Structure formats: C-alpha cells, structure tokens
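1. give me a 3D structure for the following:
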Amino acid sequence: MGVRKTEEYPVEARLPMVGSVMRRWFAVLIGCALAMPIWAQESQQAQESQQAQESQQAQKSQQAGDVPVDACSGKERAEVSAAGNYLAHEGKTISAIRFRTQDVFDTADPREDNGIYRFFNWLHIDTRPRVIEAQLLFRPGEKVDADRIAESERLLRTRPYLGNAYVTVDAVCGDRVALLVTTRDIWTLDPQVSAGREGGENKHGFGFSEENLFGSGTTLTIGYDKDRDRSSTSVGFYSPHLFNTRLETELGFADTSDGQQTHLTLDLPFYSVQTPWAAGTRNWDVTQDEIIRYRDEDINEFKHAAEFHEVSVAWAFARSRARAHRLAFGMTQDRHIFRATDETQAAVPVDENLVYSWLQYQYLENQFAVYRNLHLLHQTEDIATGKDAWVRLGYGGSSLGNDQDFARYEAEYTDLLGVGEHHLVQFSAYLDGRHYTTGTMPNERVWGGDIGYHYLMGAKHRWYVQLRYDEGHQLAQHRELTVGGGHDMRGYPVEYQRGDKRYVFRVERRYISNLHLFNLLRLGGVVYVDAGRTWGAGYPEATHLSNVGMGLRLSSSKAKTGKVLHLDLAVPLADKQYVDSFQWVITASSKL
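-> Predicted coordinates:
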C-alpha cells in the first residue's frame, strides 16, 4: 500500500523504532519465512456449444497419434488406448505429462476464424508450459491421485491469465497412463481507459495492465485514477509463482494527491489441502485523507497515516484429502497516526500503536462443486462447499513497546449448503476486536454475518436473496459502518448513512442470456430491490432506506474473465429529499 507522505509529522508522531525484543522476533520470523524450503515441489445452447467444443478438443488430443513417444514403449505401444477421465485410472503410474495451450481465439470456430482474431492470437504470447508444470500437484512416476489432479485443475483456474484448465488421460499403457494438461489463455494486455459512476460520484482513469508478462503469469500494472476523494499514479507487480516456485509476491507503489502508498507481500501459502507448511510477510504503509460523509455531505476530514507489518509461520498438524487442521504463529505491528487538516470539522481519532504476538487455529474442509452462472457469466466456477473456520488470539504487553496491555481477537466462519439441485444457502460470520486491560483506550469490536440464498431455476434464470447484519462498539469514526453506493444500497450515494449498527436486505431476479456478442461479450440482466439502514454512534435517528432498480451485466469471455461489469439504474424510495431521483451506478465486481 504506501509510504508516508513527504510532509513532516511532529517528532512525537513519527513511528519509533521497535524495541530490541520486537526486532529480534521480527528477525527470527522473517528468517524462518524466507529460509523455509519451497514446498512447491510437492444460455443452454451456448453452454452446450462451448462444452461440445471442449469435449472435441479433448477427444482430438486423445488420438493414438497424439501419444507422447515416451508414454509407452515396445509391445505396450501397440496396446495404446485413449480415455479422457482420469478417475477411472486411480492408482496407475503417470508415465508422462503433456501440455497444450489453447489460443485466446479458437480459429477452428468459424465465428472466430477471421483476420482480426488471428492477428490478436499472433500478438498474444502463450503461457509457457513450464509455468503450468510448476503449479501441478502431481509428477511423472507418481500414482494417479484423482484428488490432487482435481486440486491442480482448481488451482490453475484461479489464475487471472487462464480462462479454463482441465486434465485428461492422453493414453493408457497397461498399468501406466499419460496425462494431458489443457489450458486456455485469455487476452491479458489491457489498455485501461475507464470511467464510472457510483453513489452519485464520477471516477475515471487510464493506464495499462499485463497479467501474463512474456507468458510468465506475472502481472505488471501502471495507471492513473481519479475519484471524488483523490487522484493517484501507481505501479504494481504481482506473481502468484515467482520464478516458477510457490512464492507469491506482490509489490506496489502509488503517489496520490493526499499521500503515498507502498505494499510488499511475500507468501509461501498452503497451496494444497495437504501442504504441510506455510509462511509469509505482509507490509504496507499508507498516508491519505480520510473523508467522513453523512447524507451526501462531508462532515469531517483528517490525515491518516497507517503502517502494518506482519510475519507468520503455519503448520498443518493434521491433514488428509478431506480436511486440514492448521496452527499459525505470528507477530504484527499495526500503527495509525491521525492529524487535523484545514478541512477538519470535528475531533480526530486517537493515535494507535498495536504490537502483538498471536496464535491462530484453522479448520478447513476440502469440498468443492463446479457451477456455471452462479457468480460469473458462462464460466466454470469452483465453489467451496465445505466449512472454513479460523480463530486468532493475540496479546500485546509492555515488553513489546505498547503503552497499554491489550488482547486482540479475530474469528471467521464460512459454509455453503446445497439442498437438491436447485437450492444453495451460503453462510458467513466474523468477529474482530481488542480489549485493553488498563487505561482509557476504546475497546473496539465489530461482528456480523450474512446469509445468501440462490434459487437455480435453470441455466438462464436465477433468484438471489441476501440478508446481512453488522454491529460495532466504540468504533473510530473512519471504521464506522455505512450504507450507500454500488455494493449495497444502489439508489443512494456512497456512505449515505453511518453508525454502529447496520442491516442490508437484497432480492434479485437474474437472467443469463445465451447471446455471445462477436464471441467476445456475455450478457445478463437483473431487476432488484434493496432495503437497509445504518444507525447509532450518536447520529440522528436514521430512516429505513429502500430502492428498486434494474441493470445489465457484461463479462468478456476472452479477457478479465473473473470480473463482471455492472451497469445499474436505481430509484430511491425513501429519504428522497436528500438524494437525486435516480442513481446511475457503474461498478466492476467478482460477482453478478
């Protein structure tokens, strides 16, 4: 995120050097994280048409003439048979693995066989096979393990530079099999010229992003953005597998009109449910103006400088194909400095410097189901259907340089329940807070959760209902709960209401079209009703808000496949004297 702005804070406001104990802890843990071995070595017609094309492509790859020369030898080669489903070959030995990258545009499809699309295929650099190979959880010489192959497919489908990925059996040679890993590239060079509107506010930007630099799976972004709060020029680098290892790396810098931001993340994650170790460090430094709004008016503003540093190591002490139990230990420093500006109209929050160690337990179930048209348009979606729960407890005492002793606690739970073929219920809940044993610092906490219900009427027609509730206690002004804008109450400006209690209720009727414009764009539509309210924390009694609206959903089948563009027109039904008669809302989201 960012470094502190160049303007000087008073000497007493500067971040002091952490005490010798803290420095030793950080040195030990960073050393463990970076020295640890990389354990990486371990719509229906259109849908049917796409699925048929994928099936035909898989079948073509399974002809005897496509079998790798080292897959079978001697007498076995005359007994070669092809079979696409690896589930039927559990326990056999993997003799070879072949890789095939499909172009962005399929020139075997007459609708995509033209000069323009062939030119873009020529311009695009395909993902290198060694990049794909390094991410697999299986190797030649090992036994076919259906769970690890399925996990590899899911892992590849999370990558922003791939539109799809699947594994088939290339050839069967007695008790040995050759596998074929097929991936489909998407267009990743993105010249960015954007304009949007959310909650009554315009925003725009320009720049470029390349999410598969030279076929390496690395992302490089350079851009300029401007919204109501600030303008910024930024550069970013991200690799989910730096140098074809399991090391996930993210670097970012932004020079903004109200400060600067830097961000550094190095992470060796649990890339598989059976991965034994993980480690990482996260660091960011952000300086910006916090603008506090209520009923579409600025009611306060202050300078906010935040620094965050964390290192951690984790151990999966019990793991199997079905689930994992994990323990993590870490050290965190979370510091916030607040100063008044010329626009400050009320009190600013109290400075904070939290340095603490923590222990975390996680329980994770390795259960997934494949859906289409749930959150995205006409794309394969791997949806976690098992429980994921974690609890973190921390303590910061005077020996770590804290002015006051405190306890830190966090917890989160998610689950999904499928009822028959047409009903899905999603649950989530969280808790986040701290408690000071002495002194007068506020004991902030916030908790909440939501329930989402999907009624899958068919491939093209869906209902979605969501109820969310959150409640806070002694929240600093910039952490208060709000409603308004494109992600909850679409008929009202951003942060229209604020307080320490909030509910949002949404009902959407969704339609997914089979129309595929120029074989580039997928279309959907939605009509909806939103209702909600935020109240408390000393603000005047707030009205229950509601709005109705309709919108288009657009998604590219060839680029940015994990994003959906929302174009909404929303009409407020309550508190209309303070807002426009309608709101145009343009946002990008990872969900319909």
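2. strand partners of the helix or strand where D267 lies, parallel vs antiparallel please.
-> Assigned by DSSP states H and E, D267 falls within strand 259-268. Partners of strand 259-268 in the sheet, by DSSP bridges, are strand 248-256 (antiparallel), strand 277-294 (antiparallel).
3. and these, which is most packed in?
-> strand 277-294 (a mean of 20; mean count of other C-beta atoms under 10 Å). Yep, even glycine has a C-beta here, placed from its N, CA and C like the rest.
4. hang on, E151 in a strand?
-> No - under DSSP: H, G, I helix; E, B strand; the rest coil, E151 falls outside any strand and is assigned helix.
5. so it sits against L137, correct?
-> Yes - applying C-beta atoms under 8 Å as the test, E151 and L137 come out as touching, 5.6 Å apart.
6. so what sits against both of the two?
-> Counting by C-beta atoms under 8 Å, 6 or more residues apart in numbering, the shared contacts of E151 and L137 are S272.
7. who's in contact with R130?
-> N244.
8. just the buried residues of the helix or strand containing it, please?
-> Assigning secondary structure by DSSP H and E places R130 in helix 129-133. Buried residues in helix 129-133, counted by 16 or more other C-beta atoms under 10 Å: P129, V131, I132.
9. which non-adjacent residue is nearest N402?
-> Leaving aside its sequence neighbours, N402 sits nearest to G396 (C-beta to C-beta, 6 or more residues apart in numbering; 4.7 Å).
10. if we can go back for a sec, with respect to P493, which of the buried residues of helix 129-133 is nearest?
-> Among the buried residues of helix 129-133, V131 lies closest to P493 (C-beta to C-beta), at 44.0 Å.
11. if I look at that closest one, how far off is D415?
-> Distance, V131 to D415, using C-beta to C-beta, to the nearest Å: 34 Å.
12. L155 too?
-> 22 Å.
13. for the stretch 301-450 of the chain, what spans make up the helices?
-> With DSSP state H, counting those that start in this stretch as the criterion, the stretch 301-450 of the chain has no helices.
14. for it, which segments count as strands?
-> Chain-ordered strands for the stretch 301-450 of the chain, with DSSP state E, counting those that start in this stretch as the definition, fall at 323-340, 352-365, 368-371, 381-384, 388-396, 406-419, 423-436, 445-456.
15. can you add mean pLDDT and give the ones you listed back as TSV?
-> Listed next are these as TSV, based on pLDDT from 0 to 100:
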stretch	mean pLDDT
strand 323-340	97
strand 352-365	97
strand 368-371	93
strand 381-384	94
strand 388-396	98
strand 406-419	96
strand 423-436	96
strand 445-456	97
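16. could I get the buried residues of helix 129-133 as a markdown table with pLDDT and distance to L247?
-> Converted to a markdown table, the buried residues of helix 129-133 look like this (pLDDT from 0 to 100; distance: C-beta to C-beta, whole Å):
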| residue | pLDDT | distance to L247 |
| --- | --- | --- |
| P129 | 96 | 20 |
| V131 | 97 | 14 |
| I132 | 97 | 17 |
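17. contacting residues for the residue nearest to N402?
-> G396 sits next to L354, V355, Y356, S357, N402, D405, F406, R408 when contact means C-beta under 8 Å, 6+ apart.
18. sorry, back to before: tabulate the strands of the stretch 301-450 of the chain (TSV), appending distance to Y161.
-> Converted to TSV, the strands of the stretch 301-450 of the chain look like this (distance: least, C-beta to C-beta, whole Å):
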stretch	distance to Y161
strand 323-340	28
strand 352-365	26
strand 368-371	20
strand 381-384	17
strand 388-396	26
strand 406-419	27
strand 423-436	28
strand 445-456	28
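19. of the ones you listed, which is nearest I186?
-> Proximity to I186 (C-beta to C-beta) singles out strand 381-384 among the strands of the stretch 301-450 of the chain, at 15.4 Å.
20. so which bits of that closest one are buried?
-> Counting neighbours by 16+ other C-beta under 10 Å, strand 381-384 gives D382, A384 as buried.
21. just checking: what are the partner strands of it?
-> Strand 381-384 has the following sheet partners, assigned by DSSP bridges: strand 368-371 (antiparallel).
22. low pLDDT regions in this structure?
-> With pLDDT under 70 as the threshold, the chain has low-confidence stretches at 1-84, 193-204, 228-230.
23. pull the contacting residues for T188.
-> T188 makes contacts with H124, P160, Y161, S209, E210, E211, N212, A559, as judged by C-beta under 8 Å, 6+ apart.
24. report the separation between it and G141.
-> 33 Å.
25. equivalent analysis for A574, please.
-> From A574 over to G141 (counting by C-beta to C-beta), the distance is 66 Å.
26. so which of these two has more stuff around it?
-> Neighbour totals were compared for A574 and G141, and A574 leads with 16 against 9 (other C-beta atoms under 10 Å).
27. you'd agree that one is in a helix?
-> No - with three-state DSSP as the criterion, A574 is coil rather than part of a helix.
28. my guess is it contacts L545, does it?
-> Yes - under the criterion of C-beta under 8 Å, A574 makes contact with L545 at 5.2 Å.
29. on the three-state scheme, the residue nearest to R321 when sequence neighbours are not counted is what?
-> Residue nearest to R321 in three dimensions, not counting chain neighbours: D147, with 4.7 Å by C-beta to C-beta, 6+ apart. Here D147 is recorded as helix under three-state DSSP.
30. give me the neighbour count for D147.
-> Residues lying near D147 (other C-beta under 10 Å) number 16.
31. surely it and S320 touch.
-> No - when contacts are counted by C-beta under 8 Å, D147 is not listed as touching S320 (9.7 Å).
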